[in-house]
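Engineer: with the input below, show me the fold.
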Amino acid sequence: MNEMKKVFEKTYIILMALFCLVTGVSCTSQPEKGSTIVVREGTSSGTISYDIYYRDDYFMTDGGIYQPSLATCSYGLAIASFAYYPYKNDYRLQYKNALDFMKAAGFQDIEYNENYKLPTSYDSLSLIIGRKTIVIEGEDVTLLAVTVKSNGYRMEWLNNMDIGHDDDVEGHHHKGFYNSSLREYAFIQNYISSNHLSGRTKIWMAGFSRGAALTNMTAGLIDQRIVEEGSGFEGVELRYEDVYAFCFESPQGVYYDETCTGLKDPRNEAYNNIFCMLDESDAVTLVAMPQLGFTRYGHQMFYPNNLNDSDYEDRFNKMIRFYDGFLPRYDSSSYYSKRFKLTTYTPAGSPEICIVNPNLGIFAGGFVNDLVRNAVSDRKTYMDQYYASICAVLEFIYNGNLSTSNLLGLTGLLVDITDENNSRLLVEDIIHDSNAFINDFSYFVSAYATGEGREMNAEVLAHLKNVLELVTKSTDLDKSFLLTMISMNNTFGVIVSCHFPPCNIAWLMAMDPNYAGNKTAGEMMNGYYRKLTVTGSETLKIKDSDGKVCAQIDEKTLSDHGSGLTLGTGSKGEYYVYLPMNMDYTYEMDRGSGAAAVTELFDPITCTYKVLGTSEDAAGDIPG
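Structural biologist: Numbers count the residues shown, from 1 in each chain. Model prediction:
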């Protein structure tokens with residue numbers, strides 16, 4: 001019997017070794033953590049590998065309960081979906097990393113659609129699905145794994161930008177995302193039907209960026225059918241607790257206004273098995289704009305930052321050791337929040353604007369808000385006046401291969417055309433003459449294209465100028481964000497790097513006991529924070545719950561006293577400071593004539609502020 005056991009063990013080891021050689025995926029077994037799958041993500045400067053821990057036990061728990069380890073594993077599935085290009089413009093194996101991941105996790109009967117092997121187009125939708133049998137309380141249960149290509153975009157950008165008119169699709173949702181989610185739902189249903197699946201079924205879904213938006217909306221469709229029909233799909237038994245949906249750095253595609261009730265309300269508890277992991281500094285998560293009524297289904301959870309977490313610095317130090325380990329060029333100084341520097345703009349005749357610890361999220365959110373307020377007042381304006389121009393510019397870029405196939409590549413193009421000499425001229429244009437900025441920037445892009453062997457014709461040039469006019473309109477009142485993008489070396493790279501996978505997965509690992517043991521970086525945040533604005537006072541002092549001064553502003557001082565809080569002075573002479581919700585604070589100011597302290601609550605879902613309280617007292621507690 002012992003000899004038979006030894007033969008079996010040796011055979012198993014040999015077969016596993018052959019499997020890893022064939023698939024190119026490393027897979028080892030650790031009983032406490034599960035199987036280790038090495039996921040590879042190609043980057044412009046090399047390949048990053050992540051150890052991802054998979055185990056069937058994740059799916060023994062109700063899908064509506066957040067599991068940090070399953071979240072990290074789901075990020076692995078999302079990253080695996082990224083397009084794999086063994087050679088430039090060779091689309092035939094885009095699905096390879098996703099296929100390898102699913103095989104390593106034990107999934108079989110894996111199918112991918114034709115789009116995963118073809119050049120991209122407006123309606124490209126690359127999907128892959130597999131299944132395995134898991135045993136729950138003695139019952140065989142089918143587990144489906146589904147992901148949608150989440151990076152390596154080109155012409156899909158046209159779909160991303162197509163928010164549609166109000167009534168283009170049912171429910172007023174984002175047209176491009178909603179129509180794609182209908183196709184993803186149909187793809188899953190077809191797989192179930194063609195494989196004659198039946199009985200108890202669970203579904204595991206994950207996506208990143210555009211893939212996250214589609215995952216979010218498809219999971220919403222599944223949840224709606226569960227409520228209305230009793231099961232998420234025909235032919236199988238799939239209930240609320242059987243849906244595990246994870247959406248990383250997701251744009252917004254679900255429509256919401258105060259008239260939405262029942263299943264039309266994306267905050268309905270029916271969608272509580274959908275989890276969205278977000279960075280408040282990531283501009284991608286701010287579009288389509290909440291000011292136009294867009295949001296997401298399910299829980300919206302945020303990585304810590306100095307706005308939403310009073311313990312941010314301690315938690316950052318726990319996270320950064322994972323970020324440091326991905327590639328030699330990554331360290332704490334390269335993390336985007338440490339590199340962001342704001343170039344402030346003070347209008348003539350106004351008090352000087354100063355800021356300590358500028359937070360990228362505040363200014364990205366302000367830019368998007370101004371975009372709606374000053375330029376894109378509604379969906380019709382965007383679609384009728386700007387959508388065609390945005391598409392024309394993107395088509396020119398990607399058909400000509402002027403940059404690599406993702407957002408970082410597009411950003412690289414912008415960095416190249418705003419070198420030190422060009423940047424100096426563009427800064428002067430922004431301050432003094434927006435038309436000059438449009439003409440000069442257009443010239444630099446056209447010259448860059450010529451250098452790449454592509455000529456920009458008059459029609460495309462006109463479209464580019466229309467897009468730039470949209471940008472300048474949005475910054476008429478506050479030019480700081482646009483000045484920052486143009487004037488700081490590699491600012492485009494800094495702004496987009498918060499959408500960079502290592503920034504996200506480092507936080508997930510730091511919160512996951514599989515990686516951090518019992519020294520995790522805590523939990524995800526709800527994203528809410530406060531803003532205290534003081535007018536009519538020459539001094540402002542903020543103290544934390546221990547009575548320690550953590551922010552101070554007067555004629556000679558602008559200091560955070562090592563707290564990391566964001567604080568500053570505005571163009572109307574006001575003082576302000578941003579305060580997390582998980583700490584109690586008090587304020588002290590002058591009792592001068594007209595002095596007032598106004599506390600506002602920021603809602604990260606709607607990107608709006610609500611007044612919590614107003615006080616004229618010289619000192620007091622800050623509401624919250």
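Engineer: and the helices in the stretch 201-350 of the chain, which stretches?
Structural biologist: 210-229, 312-324, 336-339 (DSSP state H, counting those that start in this stretch).
Engineer: so which of these is the most packed in?
Structural biologist: When you average the neighbours per residue for each of those (mean count of other Cβ atoms under 10 Å), helix 210-229 leads with a mean of 24. Bear in mind the C-beta positions are built from the backbone N, C-alpha and C, glycine included.
Engineer: list the contacts for Lys548?
Structural biologist: Going by Cβ atoms under 8 Å, 6 or more residues apart in numbering, Lys548 touches His561.
Engineer: from Tyr95, how far out is it?
Structural biologist: Distance, Lys548 to Tyr95, using Cβ to Cβ, to the nearest Å: 54 Å.
Engineer: ok, Asp168 next?
Structural biologist: Counting by Cβ to Cβ, the gap from Asp168 to Tyr95 is 30 Å.
Engineer: the more surrounded of those two?
Structural biologist: Tyr95 (26 against 17; other Cβ atoms under 10 Å).
Engineer: for that one, what are its contacts?
Structural biologist: Counting by Cβ under 8 Å, 6+ apart, Tyr95 has contacts 84, 112, 116-117, 126, 128, 149.
Engineer: kindly report the same for Leu426.
Structural biologist: With Cβ under 8 Å, 6+ apart, Leu426 has these contacts: 418, 437, 440-441, 486.
Engineer: of all the residues you listed, which comes closest to Phe107?
Structural biologist: Thr418 (45.1 Å; Cβ to Cβ).
Engineer: got the phi and psi for the closest one?
Structural biologist: phi -120, psi 60 (degrees, to the nearest 10).
Engineer: ok, it touching Thr484?
Structural biologist: No. Using Cβ atoms under 8 Å as the test, Thr418 is too far from Thr484 to be in contact (11.7 Å).
Engineer: next secondary structure after the helix or strand harbouring Val598?
Structural biologist: Using DSSP states H and E, Val598 sits in strand 596-603. Once strand 596-603 ends, the next helix or strand along the chain (criterion: DSSP H and E) is strand 608-615.
Engineer: helices and strands around that next one, which ones?
Structural biologist: strand 596-603 (3 or more Cβ pairs under 8 Å, 6 or more residues apart in numbering; DSSP states H and E).
Engineer: what helices or strands is the strand it packs on leaning on?
Structural biologist: Packed on strand 596-603, when contacts are counted by 3+ Cβ pairs under 8 Å, 6+ apart, are strand 529-535, strand 608-615.
Engineer: tell me the buried residues in that strand?
Structural biologist: When neighbours are counted by 16 or more other Cβ atoms under 10 Å, the buried residues of strand 596-603 are found to be 597-602.
Engineer: and the end-to-end length of stretch 106-121?
Structural biologist: 32 Å (Cα to Cα, to the nearest Å).
Engineer: now that stretch: buried residues?
Structural biologist: Residues of stretch 106-121 classed as buried by neighbour count (16+ other Cβ under 10 Å): 106-107, 110-113, 115-116, 120.
Engineer: export those residues to CSV and tack on pLDDT, distance to Gly220 and secondary structure?
Structural biologist: Shown next, in CSV, are those (pLDDT from 0 to 100; distance: Cβ to Cβ, whole Å; DSSP: H, G, I helix; E, B strand; the rest coil):
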residue, pLDDT, distance to Gly220, secondary structure
Gly106, 98, 28, coil
Phe107, 98, 24, coil
Ile110, 98, 25, strand
Glu111, 98, 23, strand
Tyr112, 98, 23, strand
Asn113, 97, 21, coil
Asn115, 94, 22, helix
Tyr116, 95, 23, helix
Thr120, 84, 25, coil
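Engineer: now distance to Tyr53 too, for the residues you listed, in CSV please.
Structural biologist: Shown next, in CSV, are the buried residues of stretch 106-121 (distance: Cβ to Cβ, whole Å):
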residue, distance to Tyr53
Gly106, 13
Phe107, 16
Ile110, 21
Glu111, 25
Tyr112, 24
Asn113, 28
Asn115, 30
Tyr116, 26
Thr120, 32
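Engineer: ok, so of the contacts of Tyr95, who is nearest Arg321?
Structural biologist: For the contacts of Tyr95, the nearest to Arg321 is Tyr84 (28.7 Å; Cβ to Cβ).
Engineer: and that closest one, what does it touch?
Structural biologist: Neighbouring residues of Tyr84 by Cβ under 8 Å, 6+ apart: 42, 93-97.
Engineer: which strands or helices does whichever strand or helix holds Val135 pack on?
Structural biologist: Counting by DSSP H and E, the element that carries Val135 is strand 127-136. Judged by 3+ Cβ pairs under 8 Å, 6+ apart, the packing partners of strand 127-136 are helix 96-104, strand 108-112, strand 139-148, helix 175-194.
Engineer: any idea of the mean pLDDT in that strand?
Structural biologist: The average pLDDT within strand 127-136 is 98.
Engineer: check stretch 366-376 too.
Structural biologist: 90.
Engineer: next: stretch 84-98.
Structural biologist: 82.
Engineer: ok so, going back, which one of the buried residues of strand 596-603 sits closest to Gly325?
Structural biologist: For these, the nearest to Gly325 is Phe602 (33.1 Å; Cβ to Cβ).
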